[in-house]
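Trainee: Provided below for reference: sequence and predicted model.
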Amino acid sequence: MSPSWYPRNAVRDSAPTWNFAVVHCHGHPVPLDDHGTARHLLQLVDVLEKDRDDRWRMRELGPGGMERRIPGIIGFDLPIGRLEAKFKMGQDERLYDTGGAIRVLEQNDPALATMMKAHNAHRQD
């Protein structure tokens, strides 16, 4: 977040900062065998490639392509014991400054602007 995004009539006594959303997952990993790792990789590729116009598919690796790579990959399941989420979406900044940043981000990063609006909608300061 650049202070230059804040309204010109605002007090410009701010330094650059950042917004973030983070989730920490706590659990005990369970190693997968090669078959389980391959299954997870296929699912991951399907999810990440599904909306692409020129979708890549695992079979494009060619004969033995997956088998050659699997030994170098450590797959695991992580049964989640605890989740911790933290969001910094401008709620620690002056509301009018946050509004200025949102206006800039609506053009440059609409997803972040939407998150900032949601996390600051209750504010009236």
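Mentor: Received the coordinates, thanks.

Trainee: residues touching the residue lying closest to residue 97 once chain neighbours are set aside, list them.
Mentor: Distance criterion Cβ to Cβ, 6 or more residues apart in numbering; nearest residue to residue 97, sequence neighbours excluded, is residue 6 at 4.2 Å. The way it works is simple: take the backbone N, C-alpha and C, and place the C-beta from them, glycine included. By Cβ atoms under 8 Å, 6 or more residues apart in numbering, the residues touching residue 6 are 12, 14, 96, 97, 100, 101.

Trainee: Which single one of those residues is nearest to residue 23?
Mentor: Of all these, residue 23 sits closest to residue 101, with 22.8 Å by Cβ to Cβ.

Trainee: The closest one contacts residue 1, correct?
Mentor: Yes. Between residue 101 and residue 1 there is a contact under Cβ atoms under 8 Å: 5.1 Å.

Trainee: any shared contact partners between those two?
Mentor: With Cβ under 8 Å, 6+ apart as the test, residue 101 and residue 1 both reach 90, 93.

Trainee: Domain map for this protein?
Mentor: 25-83, 86-125 (automatic domain parsing).

Trainee: how far does the shortest one sit from the chain's center?
Mentor: Put plainly, it is domain 86-125. 17 Å (Cα atoms, centre = their mean, to the nearest Å).

Trainee: any idea of the mean pLDDT for it?
Mentor: Average pLDDT, domain 86-125: 91.

Trainee: For the remainder of this discussion, apply numbering that starts at 44.
Mentor: All set: I'll call the first residue 44, so the last point we hit is now domain 129-168.
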